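Visitor: Have a look at this prediction, sequence included:
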Amino acid sequence: MHRLALCVWLATMTALTSVAFAFDNGQYDNVAPDIRAWFKSVMAPNGVPCCDISDGHRTEYDVRAGSYWVPIEGQWMAVPDRAIIRDRGNPVGQAVVWYVHHRGAIIISCFVPADAV
């Protein structure tokens, strides 16, 4: 069964709303219920849902001059402070980044470091 996850992303820097569609085509059926629930419950600091597991990407990251950087589609990007989530824990043990394409740009909406508590 195909399920469509609809996320409404508020692009706070531009005050515009964009919509991202993510498909769960059964590729996440082997994810434990507690991990799935965590992905669905994570909220950005501004209160916008980060979405669910089909939108979050496990990622490596680097810290440069006190800022987080993540590779997205082959390029390293700085994570904006407004997207960093430090208080939701991280049960997957890897950093997770949520992003969307909007008007030709990549907007990072949420980021949970691997060591978030």
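Guide: Yes, it's here.
Visitor: if I pick the closest residue in space to residue 76 that isn't next to it in sequence, what's in contact with it?
Guide: Once flanking residues are discounted, residue 76 sits nearest to residue 69: 5.0 Å by CB to CB, 6 or more residues apart in numbering. Just so you know, the C-beta spots here come from the backbone N, C-alpha and C atoms, and that holds for glycine as well. Applying CB atoms under 8 Å, 6 or more residues apart in numbering, we find residue 69 in contact with 61, 62, 63, 76, 77, 78, 79.
Visitor: wouldn't the first one be in contact with residue 76 here?
Guide: No: Residue 61 is beyond contact range of residue 76, at 9.3 Å (criterion: CB atoms under 8 Å).
Visitor: Report the set of residues contacting both of those two.
Guide: 69, 70.
Visitor: higher neighbour count, the two?
Guide: Using other CB atoms under 10 Å as the criterion, residue 61 and residue 76 rank with residue 61 on top: 18 against 12.
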